[in-house]
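Visitor: Fold the stuff below for me.
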Amino acid sequence: MIIQGAESFLLRADGDRGVLLIHGFTGNPAELRLLGEYLHSTGLTVLCVRLAGHGTTVSDLMRTTREDWFYSVLDGISILRGLCKKISIVGHSMGGLLALKAASTVELDRLVSMSTPIFVDESMNLSQLPPRGECGTLVVHKPRRNLKDVPTGVNDVYRSMPLSSVHELVSMIDDTKKVLSRVTAPILVMHGTADHTARVESAQYIFDRVSSTEKKIFLFEDMGHLLPLKEGREKVFELTSTFLLGG
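Guide: Sure thing, here's the model as predicted:
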């Protein structure tokens, strides 16, 4: 059963431009609902996919791999191609990794990488991650999220992370680093300087290694990992919209 508010969503608009939104690891589409509604108000058709194993139960996540997550993205692109001529992608956190990987294999109009974790903060304790073969059904628990004035489902992200799935995330980072040079779509890279999940150096790493001839980078002073949800998100929305519309 899907968590209430965690469903994929589609917001249709007139015109030939569409944007695919991709949420992060252990998250769900509700995290990008506000951004999606803002982009829709500017005339874009918006589709936010629910990645395989997300928005349901932790046991579902344990049964999926990074390939399953990527297939969710490819499915979303196929749906949008049936609705729009020009397709862009906005990915937040792990969604940014998936967006970059997609951009290395399919033609996109524009691409936005938001809080994408090439380098994970030391506080995530990846150095203590057991070998994959020893993870089994082990999980690490996460604190309850209690954000105010956010859509239903935002605070209902998984309270634990399967260690086997964390290995899949680490492998996804490695996969993405290998294909950055194949990314040629115009790209906007955004990151918060106070991000304690994905280190801010990740943004410059991406910016320096993509082959896009049109690329921009913007760092938000004192903002953390959840750029689409926290105070200051209006500026995030504005920059994203302006870029996607060709500005």
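
Visitor: Skip the chain neighbours and tell me the closest residue to residue 160.
Guide: Residue nearest to residue 160 in three dimensions, not counting chain neighbours: residue 139, with 4.0 Å by C-beta to C-beta, 6 or more residues apart in numbering. Yep, even glycine has a C-beta here, placed from its N, CA and C like the rest.

Visitor: Tell me the confidence at the one you found?
Guide: As summarised for this prediction, residue 139 has a pLDDT of 95.

Visitor: just checking, it touches residue 164?
Guide: No - counting by C-beta atoms under 8 Å, residue 164 is not a contact partner of residue 139; they are 9.2 Å apart.

Visitor: Okay, helices next: where are they in this structure?
Guide: Using DSSP state H, the helices found in the chain span residues 33-41, 58-62, 66-81, 94-103, 163-179, 201-209, 233-244.

Visitor: Residue 144 is nearest to which of those?
Guide: Between residue 144 and the helices of the chain, the shortest separation by C-beta to C-beta is 14.4 Å, and it involves helix 58-62.

Visitor: buried residues in the closest one?
Guide: Taking 16 or more other C-beta atoms under 10 Å as the neighbour-count basis, helix 58-62 is seen to contain the buried residues 58, 61-62.

Visitor: which helices and strands sit right next to that helix?
Guide: Of the remaining helices and strands, those touching helix 58-62 by 3 or more C-beta pairs under 8 Å, 6 or more residues apart in numbering; DSSP states H and E are strand 160-162, helix 163-179.

Visitor: now the ones you listed as JSON lines including mean neighbour count and mean pLDDT?
Guide: Output for the helices and strands packed on helix 58-62, formatted as JSON lines (neighbours: other C-beta atoms under 10 Å; pLDDT from 0 to 100):
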{"stretch": "strand 160-162", "mean neighbour count": "19", "mean pLDDT": "94"}
{"stretch": "helix 163-179", "mean neighbour count": "18", "mean pLDDT": "97"}
